[in-house]
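> Below are the sequence and a predicted model for it; my questions follow.
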Amino acid sequence: MIADPQGTVVAFFLVFCRIGGCMMVLPGFSSARLPMQIRLFISLALSMALLPILWSTVYPKVHGEPSALALVIMTEIVIGVGYGLIAHLYILGLQFAGTAISMLIAFQGPPGGDILEDTSEAHLSSFMSLAGMLILFMFDFHHIVLKALVDSYNTLPMGQIIEPNRLLITFTDTLSATFNIALRLSSPFLLYGLLFNLAVGFVNKLAPHIPVYFISTPFIVTGGIFLIYLGIAAMLHQFAIGFPGVFGGF
């Protein structure tokens, strides 16, 4: 029999605030293709599983003034959303790299529906985002996020007010590392597009009467697709191994 049912429910809700806030924006789990009920049940199941581990940390905070408890709830939600946004920004970096590669190899057709979200996106960017997400799930990236959430109860104790400066530095470092990885993934195509367009420009100067645009477009698209064929495995490998380093938490 539970000695303190009310305290147990409040403790469970406090754990759910941090876990549910993270799942609300975590890539894959926050997809528009995933029903809201499934997302809710996953958050509830994870909260139930982690409550015994975090009991000694969470339970002492349940007995307090209502105003203090409301502040704790708001803080827990912000912390959970912050951890989920770190992973979400990393996925957006791959989408940025895919869009840049599409522009560099002139592979720009009409945008299609995104596989993960209810938005329009370039076909290559959508393909790379889905492939990167599948690779992260194969490497159990959600285990890394959950471990970071459990460890966050030591680095960010429950009830502690988050410093805005600390939060800003975390997101700035995440964006910087994500941009570096996106630039690393798209750098071969950046050099390819620069050299190809430079060569086409020289040809246009030497022979102005030739319709260079109609002649060069099939070649740059074909070469870019062949370059993707050769390097997609290494690109996804670099993307996957870079996730634990970027997900450093607060």
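Alright, I've got the coordinates.

> center of this protein, which residue is that?
Residue closest to the mean C-alpha point of the chain, counted by Cα atoms, centre = their mean, is residue 88 at 2.4 Å.

> Touching, that residue and residue 24? I think so.
No: using Cβ atoms under 8 Å, residue 88 makes no contact with residue 24, being 10.1 Å away. From N, CA and C alone the C-beta is placed, and that goes for glycine too.

> okay, and the common contacts of those two?
Common contact partners of residue 88 and residue 24 (Cβ atoms under 8 Å, 6 or more residues apart in numbering): residue 30.

> hmm, back to that, next, the residue nearest to the centre of the chain: secondary structure please.
Put simply, residue 88 is helix when judged by DSSP: H, G, I helix; E, B strand; the rest coil.

> For it, report the pLDDT, please.
Note on residue 88: pLDDT of 87.

> what's the answer for residue 81, then?
88.

> who's in contact with it?
21, 22, 24, 25.

> where does it fall, helix, sheet strand or coil?
helix.

> What's the separation between residue 226 and residue 189?
Note on residue 226: its distance to residue 189, by Cβ to Cβ, to the nearest Å, is 11 Å.

> neighbour-wise, which of the two wins?
The residue with more neighbours, out of residue 226 and residue 189, is residue 189; 22 against 11, by other Cβ atoms under 10 Å.

> Isn't that one up against residue 102?
No: proximity of residue 189 to residue 102 does not meet the contact threshold set by Cβ under 8 Å, at 9.2 Å.

> List the contacts of residue 149.
18, 19, 22, 50, 80, 83.

> Switch the residues you listed over to TSV; also include distance to residue 162.
Output for the contacts of residue 149, formatted as TSV (distance: Cβ to Cβ, whole Å):
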residue	distance to residue 162
18	12
19	17
22	15
50	20
80	12
83	12
